[in-house]
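> structure for the following, please:
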Amino acid sequence: MKPGSRLRVLFFVEGFTDIRFVVGLSEICDLTMAVPAGAYVESTLKERVKESGIRIKVHEIEGERLEFQARSFGYLWEVAPNFDVILSQEVLRGSLNATVVGTLRRVPVVTTMAISPVEYFRCRRERGQIGSAASWAGESVIRALMAINGKLATRCLALGPYLCDVSSRVCRCTEMGYYYGVDTDHFRPADDEVRALLRRRVDLPADVFLIVLASRVSHEKDPETVLGAVATVRARGLNAVLVNLGGGYEEFLALARSLGISERENWVVGRPAAHPMRDLANYFRCADLLVQGSLAEGLGLSPLEALACDTPVVATDVGGMAAHLRPYARLTPRCDVSAMAQAILDVAADPAAARDQARRGREYVRAKWNRERAFRELHRSLALAAGFELAPPIEEAA
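A predicted model of the protein is given here:
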């Protein structure tokens with residue numbers, strides 16, 4: 001590539017992706033994105049891309065699973081030579097097409113890992129969604145795909161130290177990835193006056209202990225423990241309200257009904273996913289606490305965003321959250337309602353100490369997970385994979 005040229009990147013998406021990542025990626029390269037047509041609309045990403053006004057080419061590929069797999073292989077074969085590097089989402093079936101085509105067409109492919117595939121899949125068995133035969137077969141396929149993609153990919157960008165360890169077992173060239181990082185100018189602390197104003201803005205009561213659960217309802221999440229814990233603290237006298245934000249908020253409300261949660265109409269609130277670049281921070285900034293309950297977790301970006309707002313965090317002691325949140329959040333054992341309830345009560349009993357802990361978390365996020373660093377490192381990784389010579393960092397050049 002000529003000095004001063006922008007990287008020509010094809011971002012190949014197997015499922016859903018976040019508008020924050022797409023916007024940031026468009027800022028560091030000449031971006032084309034290939035997406036499943038259905039998921040592109042269903043996830044509201046199409047609407048958000050149009051609204052953002054970013055410079056991007058989008059190719060929508062029709063078909064479900066097998067049809068998408070076949071169509072996307074033909075698409076990749078045709079267009080791959082037009083790009084300096086292919087950035088492929090995750091390390092499973094979609095990336096199989098990308099790594100095979102990239103190898104045959106001699107185009108470098110960088111994969112990403114934002115979840116631990118085997119652990120996440122095992123949660124389906126734990127929940128009784130699949131039987132033992134399907135569990136064995138599915139895990140075997142997942143391990144095979146990870147091994148093939150790990151061998152063929154130029155490198156893998158794994159989200160956080162925990163997933164770096166998972167990825168390095170199958171991909172010898174694994175690097176730390178940061179996804180879209182945290183915009184610490186947007187996710188920032190609010191004083192008592194601003195928090196009261198923000199609560200009015202998002203139409204939530206001022207006189208309650210407000211808990212936010214920002215994750216979707218999925219097989220690897222654990223909203224049951226969160227609901228049980230909040231029900232427990234309410235029974236012990238804390239006037240807590242739990243707000244779930246996500247595309248599956250109706251499933252969350254249905255779950256509360258199915259669990260027979262008493263007086264749920266008074267304290268269980270579900271709302272559609274807030275726009276992550278515009279509205280989401282308001283909820284984190286005005287909350288008393290963010291709770292993240294999980295059966296498995298690759299990293300946990302929502303806790304990092306909450307900490308950036310000086311908002312205390314209670315989370316499950318698993319995966320990536322166990323690997324890096326311990327100094328900054330209250331971590332509780334997996335599926336332990338009593339322990340999570342006690343952690344919530346501890347935060348409510350001494351909010352000043354909880355916010356001091358979260359404030360240390362904000363400094364950690366600013367130093368290690370800020371948006372600028374995330375996309376600077378992403379550009380470096382993509383450029384090196386493409387064989388593009390980079391200028392040394394300023395401090396080294398000086």
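> near residue 259, how many other residues are there?
15 (other Cβ atoms under 10 Å). (C-beta placed from N, C-alpha, C; glycine too.)
> for it, which non-adjacent residue is closest in space?
residue 227 (6.2 Å; Cβ to Cβ, 6 or more residues apart in numbering).
> correct me, but that neighbour touches residue 255?
Yes - taking Cβ atoms under 8 Å as the definition, residue 227 is a contact partner of residue 255 at 7.1 Å.
> look at these two and report which has more neighbours.
Remark: of residue 227 and residue 255, residue 227 carries more neighbours, 22 against 18, as counted by other Cβ under 10 Å.
> tell me the contacts of that one?
Contact analysis of residue 227 by Cβ atoms under 8 Å, 6 or more residues apart in numbering lists 242, 255, 256, 259, 261, 268.
> swap in 7 Å and give it another go.
Shown in contact with residue 227 (Cβ atoms under 7 Å, 6 or more residues apart in numbering): 256, 259, 261.
> do residue 155 as well
Contacts of residue 155 (Cβ under 7 Å, 6+ apart): 110, 173, 174, 175, 381, 385.
> kindly recompute the last result at 8 Å.
Contacts of residue 155 by Cβ under 8 Å, 6+ apart are 110, 111, 171, 173, 174, 175, 381, 385.
> can you pull out the strands in the chain?
For the chain, applying DSSP state E gives strands covering 8-12, 30-36, 57-61, 85-88, 109-113, 155-159, 174-177, 209-213, 240-245, 268-271, 289-292, 313-316, 330-332.
> can you redo the ones you listed as TSV with mean pLDDT and distance to residue 352?
Listed next are those as TSV, based on pLDDT from 0 to 100; distance: least, Cβ to Cβ, whole Å:
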stretch	mean pLDDT	distance to residue 352
strand 8-12	98	44
strand 30-36	97	45
strand 57-61	97	48
strand 85-88	98	44
strand 109-113	98	38
strand 155-159	97	32
strand 174-177	96	34
strand 209-213	97	15
strand 240-245	96	18
strand 268-271	95	26
strand 289-292	98	14
strand 313-316	98	16
strand 330-332	98	15
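> in TSV, list those strands along with distance to residue 165.
Output for the strands of the chain, formatted as TSV (distance: least, Cβ to Cβ, whole Å):
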stretch	distance to residue 165
strand 8-12	25
strand 30-36	29
strand 57-61	33
strand 85-88	21
strand 109-113	11
strand 155-159	8
strand 174-177	9
strand 209-213	27
strand 240-245	30
strand 268-271	35
strand 289-292	21
strand 313-316	18
strand 330-332	18
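> coming back round to it: so which of the contacts of residue 227 are in helices?
In helices, judged by DSSP state H, the following of these are found: residue 256.
> sort the contacts of residue 227 by pLDDT and name the bottom one.
Least confident of these in the model: residue 261, at 91.
> what lies in contact with stretch 41-49?
Taking Cβ under 8 Å, 6+ apart as the rule, stretch 41-49 contacts 16, 17, 19, 22, 35, 39, 40, 56, 58, 247, 273, 275.
> residue 276 is in contact with the third one, correct?
Yes - with contacts counted by Cβ under 8 Å, residue 19 reaches residue 276, the gap being 6.5 Å.
> I'd like to know which of the strands of the chain is closest to residue 132.
strand 313-316 (25.5 Å; Cβ to Cβ).
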